[in-house]
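1. okay, structure incoming, though there's no sequence with it:
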């Protein structure tokens, strides 16, 4: 099981940007990595994913065009660049790994999780 650790959360005003990073304990080839978020009283929801083979990315409709997922193989990290943030983006953001190679948006398909990092967007 891959160990994951997020960083980069914080408080930002609406319209601002944040960059989240997820450090993996080992290389995660042939897997899907993803970012999810969970707001108080709501279920965990998919935000962005990347299939390791082919660098294929996919996004939730709510963040498409504003968020970008990327990876750095040399550092074993996955990054989520979040621009044009909105108050409704406020949540705890989780990095997920060990997803199926074909890609998935379902939390239950991922075998490894970070501890989460808080993102708060003020209006």
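-> Perfect, I can see it now. Given the structure is predicted, the values throughout are model-derived calculations rather than measurements.
2. now residue 109: phi and psi?
-> phi -90, psi -10 (degrees, to the nearest 10).
3. how about the secondary structure of the residue nearest to residue 106 when sequence neighbours are not counted?
-> Distances taken as CB to CB, 6 or more residues apart in numbering put residue 46 closest to residue 106, at 7.4 Å, once the chain neighbours are dropped. Where you see a C-beta, it was placed from the backbone N, CA and C, and this is true even at glycine. Assigned by DSSP: H, G, I helix; E, B strand; the rest coil, the conformation of residue 46 is strand.
4. surely residue 46 meets residue 60?
-> Yes - assessed by CB atoms under 8 Å, residue 46 is found in contact with residue 60 at 5.4 Å.
5. low-scoring pLDDT stretches of this structure, where are they?
-> 27-30 (pLDDT under 70).
6. need the contact list for the residue nearest to residue 106.
-> By CB atoms under 8 Å, 6 or more residues apart in numbering, the residues touching residue 46 are 34, 36, 60, 105-107.
7. and which of the residues you listed is nearest residue 69?
-> residue 34 (8.0 Å; CB to CB).
8. okay, now that closest one: neighbour count?
-> 29 (other CB atoms under 10 Å).
9. from residue 45, how far out is it?
-> 11 Å (CB to CB, to the nearest Å).
10. just residue 102 next, same as before
-> 20 Å.
11. tell me which of those two has more neighbours.
-> Between residue 102 and residue 45, counting by other CB under 10 Å, residue 45 is the more crowded of the two (14 against 10).
12. correct me, but that one touches residue 60?
-> Yes - Residue 45 is in contact with residue 60 according to CB under 8 Å; the separation is 6.9 Å.
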